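> Provided below for reference: sequence and predicted model.
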Amino acid sequence: MAGDGFNTRAVGSGEIKDEKYGNVVTPIFENATFIYPNNNSGRKEDTHTGDSYIYSRWGNPTVSALEEKYAALEGVKNSLVFSTGMAAITSLMLSLDLGRKKVLSVIDLYGQTLSFFKNKFTRMTGTGVDLVPTDTLNNMTISSKEYGAVYLESITNPSIKVADIAKIGRICRDENIKLIVDATFASPFNQNPSGMNADYVVHSGTKYLNGHSDTMSGFIGSNEDLNLQFDMRKNLGGSIDSLQAYLVQRGMKTLGLRMERHNSNAMAIAEFLEENSNVLEVFYPGLEDSPYHDIAGRNLKGNGGMLSFRVRGGLEGARKFLFSLKHVSPAPSLGGVESLATLPVDTSHGSVNAEDRKIMGVTEDMVRFSVGIEDVDDLIEDISNSLSQIG
Ligand SMILES: Cc1ncc(COP(=O)(O)O)c(C=O)c1O
């Protein structure tokens, strides 16, 4: 039995141990199909169907093990894993039945989530979406007369704004509005939104949960039942393969250790950047002069491994910095053990129009940095040398 501590749950929860074999770690059930009906008295049931496993698009034992481990870390009763974060987000949103009410979402979204809301969701469901900046959402009154759901990213991509879930969650609970939180940037180590009245938590497991930049996955966690979302996963087919699920659950065992290092490395780098004359602005909630410092204190257990900053010299200066780095790869994505840096205008927010970018605070001179677990002195030396190339 896993104990209560985060790392104990990360290592021990959800593991499938079969006394017949004496295996210590969860096996990979690389099976598309299973004997069905399975009338064996010792059969294992898929928690989502209450029946034996039948076909891996429905469910698979290795995937169930991963779902149980994630639920233990998120502190929720139920969870579903998907092939990607976008499969989780779209399957969740398409499962909601909000009647005639709209969704209120932050506009500061991962580019593909924004594209889904703007170009597909309303067309497919008839449900309207109003988009507001995170700062507006943090300070507005939200009425259930208009809205059936609120959607937000708890630390936004790439401007590192922090949503005040503690406050928004209370409003949503009192108004009976569903609150959906993408907590990818925080990870379940730094934040458990369900404890702040979020009805559904989503993650791109491609990032911190897996932590090794080598496989993709998506998660939904909730204390509500996830029957509709399970059904949507079957329909849309965003199910994860068992080999992929195995890799993610292996990565999750070190989530706590990795996040401690991500948190401390990012803080040291943010402090270094603040003092560098080639850096115009640093976005990191751990900094005392960040406008999100107090909100982060109420909403996060750690400030995370993601930071952004603006450099001198515009797009050219930012590109020069990026391609001068030696220990840090110039690549999109985030949350892996290795540091990555990218220019949001070239990658994650390349598809976002100029007007929306302005509202989100995404500029051409912005570098988004996913701070890895390398030795921080080496990272700072690399960053310092590369900044000096700007001139
Ligand atoms: C905050 C956030 N949510 C969702 C996603 C989508 O996840 P995936 O790429 O696993 O589909 C991303 C991807 O970068 C992201 O940054």
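Sure thing, it's come through. Keep in mind that this is a model prediction, so the values were computed, not measured.
> For the protein, name the helix or strand with the lowest mean pLDDT.
helix 354-360 (a mean of 91; mean pLDDT, DSSP states H and E).
> In that one, which residues are buried?
356-357, 359-360 (16 or more other C-beta atoms under 10 Å). The way it works is simple: take the backbone N, C-alpha and C, and place the C-beta from them, glycine included.
> if we take those residues, which one ends up nearest to the ligand?
M360 (12.7 Å; C-beta to the nearest ligand atom).
> Around T141, count how many other residues there are.
6 (other C-beta atoms under 10 Å).
> The nearest residue to it once chain neighbours are set aside - how many residues pack around it?
Leaving aside its sequence neighbours, T141 sits nearest to I171 (C-beta to C-beta, 6 or more residues apart in numbering; 7.2 Å). Residues contacting I171 under the criterion other C-beta under 10 Å number 19.
> avg pLDDT for the host helix or strand of I171?
Using DSSP states H and E, I171 maps to helix 165-175. Taken as a whole, helix 165-175 has an average pLDDT of 98.
> Quick check: next helix or strand after it?
Using DSSP H and E, the next helix or strand after helix 165-175 towards the C-terminus is strand 178-182.
> Can you work out which other helices and strands pack against that following strand?
Secondary-structure packing of strand 178-182 (3 or more C-beta pairs under 8 Å, 6 or more residues apart in numbering; DSSP states H and E): helix 85-95, strand 147-153, helix 165-175, strand 200-204.
> Pull the most distant pair out of the buried residues of helix 354-360.
Farthest-apart pair in these is R357 and I359; separation 7.4 Å (C-beta to C-beta).
> Please report the distance of the spatially closest residue to R43 that is not a sequence neighbour from the ligand.
Leaving aside its sequence neighbours, R43 sits nearest to S52 (C-beta to C-beta, 6+ apart; 4.8 Å). Distance, S52 to the ligand, by C-beta to the nearest ligand atom, to the nearest Å: 30 Å.
> Let me know whether S52 touches G42 as I believe.
No - under the criterion of C-beta atoms under 8 Å, S52 is not in contact with G42, lying 10.8 Å apart.
> Looking at these two, which is more packed in?
S52 (17 against 6).
> Give me the neighbour count for E19.
Using other C-beta under 10 Å, E19 is surrounded by 6 other residues.
> For D241, see how far away the closest residue to the ligand within the chain is.
Residue nearest to the ligand within the chain (C-beta to the nearest ligand atom): G85, separated by 2.4 Å. Separation of G85 from D241 (C-beta to C-beta, to the nearest Å) stands at 16 Å.
> okay, these two: which has more neighbours?
Neighbour count, other C-beta under 10 Å: between G85 and D241, G85 has more, with 24 against 18.
> Okay, the more buried one and K207: tell me how far apart.
8 Å.
> quick one: common contacting residues for the two?
T184 (C-beta atoms under 8 Å, 6 or more residues apart in numbering).
> Quick check: which of the helices and strands packed on strand 178-182 is buried the most?
Ranked by mean neighbour count, the helices and strands packed on strand 178-182 are led by strand 200-204 with a mean of 29 (mean count of other C-beta atoms under 10 Å).
> any idea how far that strand is from the chain center?
Relative to the mean C-alpha coordinate of its chain, strand 200-204 is positioned 6 Å out (C-alpha atoms, centre = their mean, to the nearest Å).
> What of stretch 68-83?
Counting by C-alpha atoms, centre = their mean, stretch 68-83 comes out at 13 Å from the chain centroid.
> likewise stretch 368-388?
23 Å.
> Then stretch 67-86?
11 Å.
> Now the residue lying closest to S339 once chain neighbours are set aside, what are its backbone angles?
Excluding the flanking residues, the one nearest S339 by C-beta to C-beta, 6+ apart is G372, at 3.7 Å. Main-chain torsions, G372, degrees, to the nearest 10: phi -90, psi -160.
> Can you read off the pLDDT for the spatially closest residue to L98 that is not a sequence neighbour?
By the measure of C-beta to C-beta, 6+ apart, the closest residue to L98 outside its immediate chain neighbours is G148, 3.2 Å from it. In this prediction, G148 carries a pLDDT score of 98.
> From M366, how far out is G148?
34 Å.
> What of G75?
G75 sits 34 Å away from M366, going by C-beta to C-beta.
> more crowded one of these two?
Set G75 next to M366 and count neighbours by other C-beta under 10 Å: M366 wins out with 24 against 16.
> Pretty sure that one sits against F309.
Yes - if you go by C-beta under 8 Å, M366 and F309 touch, sitting 7.3 Å apart.
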